[in-house]
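Participant: need the 3D shape of this:
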Amino acid sequence: MATAQTAPPPAKPASKPGPGQEPYPQSPVLEKTMAILMLIVNVIVPGVGTIAGGVLGEKPQIGKGIAQLLLSLIIVGWVWALVTSIQMLQNAVWAEKHGVPT
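Facilitator: The predicted model follows:
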């Protein structure tokens, strides 16, 4: 008794990545050098790099940056600012890899 073999389903065509498909959609997509600069600024003054990165990346994050600045008094805001900066950097690397304009 012979078994019928079926062909695998056709592969979906790779769609070109665009806005909203970045690894962290809540964080702005910046150029890599600008994302590194925002990381350095957030290490020195937590929240200021988030505010500046949001303005430059056209995703205003003023409230988030102010909260980070105020919470930096109890270390939480500083850690939060670092996480946000790392997300911006990862978005920048993703955009560079996929050729998405920043």
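
Participant: could you pull out the strands for this protein?
Facilitator: Using DSSP state E, the chain contains no strands.

Participant: low-confidence regions, it specifically.
Facilitator: In the prediction, the chain carries residues with pLDDT under 70 at positions 1-4, 7-20.

Participant: ok, longest helix in it?
Facilitator: Using DSSP state H to assign secondary structure, the helix with the most residues in the chain is helix 76-98.

Participant: dump the C-alpha coordinates for it into CSV.
Facilitator: Coordinates of each C-alpha in helix 76-98 appear next as CSV, following Å, rounded to 0.1, in the frame of the first residue of the first chain:
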residue,chain,number,x,y,z
VAL,A,76,14.1,52.7,39.7
GLY,A,77,14.1,55.5,37.2
TRP,A,78,17.7,55.1,36.3
VAL,A,79,17.3,51.4,35.6
TRP,A,80,14.1,52.2,33.6
ALA,A,81,16.0,54.8,31.6
LEU,A,82,18.8,52.3,30.8
VAL,A,83,16.2,49.7,29.6
THR,A,84,14.6,52.3,27.4
SER,A,85,17.9,53.4,25.9
ILE,A,86,18.9,49.8,25.2
GLN,A,87,15.5,49.3,23.4
MET,A,88,16.2,52.4,21.3
LEU,A,89,19.7,50.9,20.5
GLN,A,90,18.2,47.6,19.5
ASN,A,91,15.6,49.3,17.3
ALA,A,92,18.4,51.2,15.6
VAL,A,93,20.4,48.0,14.9
TRP,A,94,17.2,46.4,13.6
ALA,A,95,16.5,49.4,11.3
GLU,A,96,20.1,49.3,10.0
LYS,A,97,19.9,45.6,9.4
HIS,A,98,16.6,45.8,7.5
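
Participant: quick one: buried residues of it?
Facilitator: Residues 77-78, 80-82, 84-85, 87-92, 94-95 are the ones in helix 76-98 that count as buried (16 or more other CB atoms under 10 Å). Quick note: C-beta positions are derived from backbone N, CA and C, even for glycine.
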